[in-house]
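Q: With the input below, show me the fold.
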Amino acid sequence: MIRTTVPTSVRKGSALVGVAGLLVLAGCSGAADADNSASTGGDTGAGSSSAPSDSSSTTYKDGTYTADGSYQTPETVEKISVSLTIADGVVTEVEVTGDPQARETEEYQGKFIGGIADEAVGVPLSDLKVSRVAGSSLTSGGFNQAVESIKEQAAS
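A: Presented below is the predicted three-dimensional model:
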């Protein structure tokens with residue numbers, strides 16, 4: 001039997017590198033990941049959800065508001081533009097336009113755009129936050145970022 005021994009300093013160094021790697025990966029987890037702990041992975045899967053945010057006593061002025069949002073994909077940073085029409089604090093119309101940089105992103109943004117009205121229209125602006133729409137989970141991050149900006153614009 002051949003026995004190989006690894007010096008203690010190498011074993012300790014490897015353990016430290018492993019722990020440091022875990023801390024780096026944990027630090028890469030953003031707020032969107034914490035909100036969507038049930039949905040892991042990329043822009044795959046089906047289903048959607050709207051999770052209530054902090055529904056404080058904020059009231060919103062009626063009108064149409066537009067904001068941009070961005071999100072990271074494995075290939076690049078993608079951007080979308082979101083336009084929401086608000087009446088009595090409730091979303092009555094939503095329009096999302098994308099500018100996909102990758103072929104796969106074009107597919108997922110298209111699915112998201114096709115399904116977002118079902119998730120957003122009729123929802124109070126204070127509660128609007130999506131995690132996955134029509135199988136697209138990463139696009140939701142850019143949408144939610146734009147919605148936060150719209151909330152600030154519409155706050156009265």
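Q: how many neighbours does the residue nearest to Ala155 when sequence neighbours are not counted have?
A: Leaving aside its chain neighbours, Ala155 sits nearest to Thr58 (5.6 Å; criterion: CB to CB, 6 or more residues apart in numbering). Just so you know, the C-beta spots here come from the backbone N, C-alpha and C atoms, and that holds for glycine as well. Counted with other CB atoms under 10 Å, the neighbours of Thr58 add up to 14.
Q: Same check on Arg103?
A: The number of residues near Arg103, taken as other CB under 10 Å, comes to 8.
Q: ok, now how distant is it from Ala134?
A: Look at Arg103 and Ala134: by CB to CB, to the nearest Å, they are 17 Å apart.
Q: now Val77
A: 21 Å.
Q: can you check Glu104 too?
A: Glu104 is 15 Å from Ala134, where distance means CB to CB.
Q: So which of the two has more stuff around it?
A: The neighbour count for Glu104 versus Ala134, taken as other CB under 10 Å, is higher for Ala134 (18 against 13).
Q: three-state assignment of the nearest residue to that one once chain neighbours are set aside?
A: Spatial nearest neighbour of Ala134, excluding adjacent residues (CB to CB, 6+ apart): Gly115 at 3.2 Å. Here Gly115 is recorded as helix under DSSP: H, G, I helix; E, B strand; the rest coil.
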